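Visitor: below are the sequence and a predicted model; questions follow.
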Number of protein chains: 2
Amino acid sequence: MRKINTRSFVRATRGTPREVNRQILLNLVREHEPISRADLARRMEIAPGMVTSMVFELLAEGALYEGATIDAPRGRRPQMLFVRTRGRLAISIDVRFRRTYVMLGDFSGRAIALEAFDTLDDPTAFIAELKRRAESLLAHHSDAGHCEGVGVVVPGMVDSVTGRVLNSPHLGWRNVDLGSELAAAIGLPTYVENAPIACALAQMWLGKRDGTELTDFVYVNVSDGVGTGVVVNGQVLRGRRNTAGEFGHVPLNPEGPDCHCGGRGCLEAYVSDLATIVRYLGEPFSPKTARAVVQASGLTIADVIARARARDQRAVNALEETARHLGAGLSVIINTLSPSLICVGGEIAEAWDMLEPIIRRIIAARALTDNAAVTPVIPEMATSEARLRGATVLVAAPLFAAPSIA
Amino acid sequence: MRKINTRSFVRATRGTPREVNRQILLNLVREHEPISRADLARRMEIAPGMVTSMVFELLAEGALYEGATIDAPRGRRPQMLFVRTRGRLAISIDVRFRRTYVMLGDFSGRAIALEAFDTLDDPTAFIAELKRRAESLLAHHSDAGHCEGVGVVVPGMVDSVTGRVLNSPHLGWRNVDLGSELAAAIGLPTYVENAPIACALAQMWLGKRDGTELTDFVYVNVSDGVGTGVVVNGQVLRGRRNTAGEFGHVPLNPEGPDCHCGGRGCLEAYVSDLATIVRYLGEPFSPKTARAVVQASGLTIADVIARARARDQRAVNALEETARHLGAGLSVIINTLSPSLICVGGEIAEAWDMLEPIIRRIIAARALTDNAAVTPVIPEMATSEARLRGATVLVAAPLFAAPSIA
DNA sequence: ATATAATGTTAGGCCACGGAACAAATTGGC
DNA sequence: GCCAATTTGTTCCGTGGCCTAACATTATAT
């Protein structure tokens, strides 16, 4: 039951039912392909004639394509329908602290070309470089299909409506109008999004689940910081000013270590990769010194995990303490949002076999209900790919999303 | 941008645009009454003929009524339209630990009759008593209008779809099918909801704001426990199993006092009325003894507030510590959900002038962004009325809510 | 009295849903 | 080998409701 916002509503027009039903049909094909017209009519409880008409339009637009007919136990053999992902391209950009990745891929998330370069501090020069690389990619793969847009994933706070980067400490950017400027430079629709939200979107749209829809879940990304993307009712939680869903700074202990955010004992100050490495080194965590200490040691979180696997007890202890605090943080998420799933991304996911038992134990101990206690928590390896896939989804998903009405 | 759930979607039919536009029109009248047809046509950017047609239907159904024509600077004088709230009744039931309140009121929240009786432990006897009182109220006020349903507000966890009380520690109920049984007994549509959510709904639908829509906010109810109702995008946050939005048990300190929930240092263990009174008494908080200690002292939170106003330093200290912890809890809500408003209900709201500066200071110190730091926090006095109003809204709001499509 | 301006009503075109009949393609039985 | 049965997919038409446009109504200004 939703209240209509009388300051910003969308009125229904004569074409609205068509629009709605087309999107439902499109999503049914996406989810159940290969699927026949007759099956669509049954699932939608709609007259078969309307399916014919809508499919005709979608075929003409190139949104769907017809595959082979398949054998049936009796009667006319059905002609299977598929969503067309080949030849529908997106340029996906993953901006990170040191390196920026630029991918040309199709709507299924498949990569056609991928390149990387050092991230430039100056936004103007950076945008010019992105323009150069995007145009080069498109020129070299002009036979691969038609590019429908640019998706950019950025660490930090983003206004996804305007495409403006509000604040990115990692990049040292404030109020950079990345979206409009890239769109003007490349001449394609451009979408900018915060990294954990993009990863959540990738999970929702491209994640392969066994029949269960994923419309209420949380993506937790653990890297140098801890970011979260929250999906409620199939929508990203944004809040008043694009700052919602930030569970990285829930306080776990008022006496805990200082955090970048100015608080104390935040989840991030306990479980970020920096915090884990510093803990392994036996030093106290401080936001001012952590990065320098880690760089001086030359260690990465992958090294700590490797040493833990090699029975280095200090590494095991450091990771186990990370797991305990992560469990505490996830408990807060579970008890406040009651998601149907939590997905944990980042390099630390590689150590999931070591972390999971501890995390599960803490969650079980702190859960308010029996149901909450068994909330699935799954790792996602290879986060960098997730981000690029998320960038692709930024371009592709709007074509499949529910029309916003009322 | 919302993903369509392909397991449970609502297809658009030929009548869908009408349904959508009717609800928009109805809400525009609700929000802007008195309002003319011409003004509605302008606001909806719709042809005046359609307004005539829709208003005709709504008048015939009794959803709207025509008032007087008013003066206009030039031209034909507009005929003003209003939402009909008089004569459209609801039975509102507020079930509390000791007493249960039964109100007959109209859709504006205005009370026609109100009575109270001691809450009965046995669900069957309790439902029989509610049936008796509801029928008596309707019989004695049969001239007041037509009763369209029963709204019940319950402390504890509720499955609002089935009307089942899943778990209410205060009442000692588990899996009580209150909704179906009351509906069968009284013979009216019955809606059951958790108390803080109902208060949030009352704020959203009946709260008088100056032109700003309230579609993203949090209601925090402080009484013997701490409950929260979260509204995102005009919808109540429910999560997977009706346990979402529970910020009463966010941990503030792992070394803190034990809590009813089995955890330690929860918000509730610091700021509930029981916690505040126990703190005033100078005793350590324990979930096992708190209620007995408070009852033995004979004190209520109102007494503590009165003593603080009479310059009792211990009372002042107890309340100020409550304010500090409440500020910490609200900071977690602000940083994770980024609501446009937080509303604090409960008897403690009577002491708002003492609490607010402390709460604001803590929020400002812990906010992740400048925007978050200035999130409005307002008190709501007279929570018992809010709950009854919430119960009324449970019946009335579905008639005004957005149709769920796609 | 006439022009102007605003509110509200009536009439008809047309798009798309919705039901039903029909065409197409395949299997199985006699 | 023909016909019935079955399933898929298409075509056709009635009708509800949007949408444009003309029109009626009622006020003020000159």
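Guide: Happy to help now that I have it.

Visitor: once you drop chain neighbours, what's closest to residue A:89?
Guide: Nearest residue to residue A:89, sequence neighbours excluded (CB to CB, 6 or more residues apart in numbering or on different chains): residue A:147, at 4.3 Å. C-beta coordinates here come from the backbone N, C-alpha and C atoms, glycine included.

Visitor: kindly report the same for residue A:121.
Guide: For residue A:121, ignoring the flanking residues on the chain, the nearest one in space by CB to CB, 6+ apart is residue A:172 at 6.3 Å.

Visitor: per-residue confidence at that neighbour?
Guide: Per-residue pLDDT puts residue A:172 at 88.

Visitor: ok, residue A:157 next?
Guide: pLDDT at residue A:157 comes out at 88.

Visitor: quick one: residues contacting it.
Guide: If a contact means CB atoms under 8 Å, 6 or more residues apart in numbering or on different chains, then residue A:157 has A:165, A:166, A:167, A:168, A:194, A:242, A:243, B:369 as its contacts.

Visitor: any idea which of those has the most stuff around it?
Guide: Counting neighbours by other CB atoms under 10 Å in any protein chain shown, the top entry in those is residue A:194, with 30 neighbours.

Visitor: just read off the phi/psi values of that residue.
Guide: Main-chain torsions, residue A:194, degrees, to the nearest 10: phi -70, psi 150.

Visitor: need the contact list for it.
Guide: Residue A:194 neighbours (CB under 8 Å, 6+ apart): A:153, A:154, A:155, A:156, A:157, A:158, A:160, A:227, A:229, A:242.

Visitor: repeat the analysis, applying 6 Å as the threshold.
Guide: Residues in contact with residue A:194 (CB atoms under 6 Å, 6 or more residues apart in numbering or on different chains) are residue A:158.

Visitor: stretch A:279-296 and chain B in contact?
Guide: No: using CB under 6 Å from any CB of the partner chain, stretch A:279-296 never reaches chain B; the gap is at least 13.9 Å.

Visitor: average model confidence for that stretch?
Guide: 89.

Visitor: where do the strands sit along the stretch 251-400 of chain A?
Guide: For the stretch 251-400 of chain A, the strands defined by DSSP state E, counting those that start in this stretch occupy A:341-345, A:377-380.

Visitor: which residues are contacting the shortest one?
Guide: Okay, so that is strand A:377-380. Taking CB under 6 Å, 6+ apart as the rule, strand A:377-380 contacts A:342, A:343, A:344, A:345, A:349, A:352, A:386.

Visitor: one more time with 10 Å, if that's ok
Guide: A:199, A:202-203, A:207, A:217-221, A:326-327, A:330, A:333-334, A:339, A:341-346, A:348-353, A:355-356, A:359-360, A:363, A:386 (CB atoms under 10 Å, 6 or more residues apart in numbering or on different chains).

Visitor: returning to that earlier point: neighbours of the residue nearest to residue A:121, how many?
Guide: Residue A:172: 12 neighbours (other CB under 10 Å).

Visitor: for residue A:176, same thing?
Guide: 23.

Visitor: need the contact list for it.
Guide: A:123-124, A:126-127, A:154, A:156, A:158, A:163-168, A:192.

Visitor: same check on residue A:44?
Guide: With CB under 10 Å, 6+ apart, residue A:44 has these contacts: A:21, A:24, A:25, A:28, A:50, A:51, A:54, B:9, B:11.

Visitor: do residue A:132 as well
Guide: Applying CB under 10 Å, 6+ apart, we find residue A:132 in contact with A:185, A:186.

Visitor: just the element for it, please.
Guide: helix A:123-140 (DSSP states H and E).

Visitor: and the helix or strand that that helix is followed by, what does it pack against?
Guide: Counting by DSSP H and E, the next helix or strand C-terminal to helix A:123-140 is strand A:146-154. Here strand A:146-154 touches strand A:88-95, strand A:99-106, helix A:123-140, strand A:164-168, helix A:178-186, strand A:190-194, helix A:195-206, helix A:383-396, going by 3 or more CB pairs under 10 Å, 6 or more residues apart in numbering or on different chains; DSSP states H and E.

Visitor: please redo it, this time with the cut-off set to 6 Å
Guide: Applying 3 or more CB pairs under 6 Å, 6 or more residues apart in numbering or on different chains; DSSP states H and E, we find strand A:146-154 packed against strand A:88-95, strand A:190-194, helix A:383-396.

Visitor: can you flag the weakest of the ones you listed by average pLDDT?
Guide: helix A:383-396 - the lowest mean pLDDT of the helices and strands packed on strand A:146-154, at a mean of 90.

Visitor: what's the angle from it to strand A:146-154?
Guide: Orientation of helix A:383-396 against strand A:146-154 (axes from the mean of the first three to the mean of the last three CA atoms, to 10 degrees) gives an angle of 130 degrees.

Visitor: so which bits of the stretch 251-400 of chain A are right by chain B?
Guide: A:253-254, A:261, A:263, A:332, A:335-338, A:340, A:366, A:368-369, A:371, A:398.

Visitor: same thing but at 10 Å, please
Guide: A:251-256, A:261-266, A:325, A:328, A:331-341, A:365-372, A:375, A:394, A:397-398, A:400 (CB under 10 Å from any CB of the partner chain).

Visitor: of the contacts of residue A:176, which count as buried by neighbour count?
Guide: In those, burial by neighbour count holds for A:123, A:126-127, A:154, A:156, A:158, A:163-168, A:192, counting by 16 or more other CB atoms under 10 Å in any protein chain shown.

Visitor: backbone phi and psi for the residue nearest to residue A:121, please?
Guide: Dihedral angles (degrees, to the nearest 10) for residue A:172: phi 70, psi 30.

Visitor: can you pull up the most central residue in chain A?
Guide: Taking CA atoms, centre = their mean, the centroid of chain A lies closest to residue A:199, which sits 1.5 Å from it.

Visitor: quick check, that one in contact with residue A:229.
Guide: Yes: the criterion here is CB atoms under 10 Å, and residue A:199 meets it with residue A:229 at 6.1 Å.

Visitor: can you give me the mean pLDDT across the longest helix belonging to chain A?
Guide: Among the segments of chain A that qualify as a helix by DSSP state H, the longest is helix A:313-337. Averaged over helix A:313-337, pLDDT sits at 95.

Visitor: just the angle between it and helix B:313-337, please?
Guide: Using the same axes, to 10 degrees: helix A:313-337 against helix B:313-337 is 100 degrees.

Visitor: in helix A:313-337, what's buried?
Guide: Those would be A:315-316, A:318-319, A:321-337, for helix A:313-337 by 16+ other CB under 10 Å.

Visitor: likewise stretch A:264-283?
Guide: Quick answer for stretch A:264-283 (16+ other CB under 10 Å): A:264-281.

Visitor: and it, how far apart are its ends?
Guide: End-to-end distance for stretch A:264-283, by CA to CA, to the nearest Å: 17 Å.

Visitor: what's the local residue count around the residue in the stretch 151-300 of chain A positioned nearest to DNA strand C?
Guide: Of all residues in the stretch 151-300 of chain A, the one sitting closest to DNA strand C is residue A:234 (21.8 Å; CB to the nearest atom of the strand). The number of residues packed near residue A:234 is 18, by other CB under 10 Å.

Visitor: just residue A:61 next, same as before
Guide: Neighbours around residue A:61, by other CB under 10 Å: 11.

Visitor: how much space separates it from residue A:188?
Guide: Noted for residue A:61: a distance of 18 Å to residue A:188, by CB to CB, to the nearest Å.

Visitor: with residue A:71 instead?
Guide: Using CB to CB, we find residue A:71 at a distance of 43 Å from residue A:188.

Visitor: over to residue A:133?
Guide: Residue A:133 sits 13 Å away from residue A:188, taking CB to CB as the criterion.

Visitor: quick check: phi and psi at residue A:261.
Guide: According to degrees, to the nearest 10, residue A:261 has phi -70, psi -10.

Visitor: next: residue A:402.
Guide: The phi and psi values for residue A:402, taken as degrees, to the nearest 10, are phi -70, psi 140.
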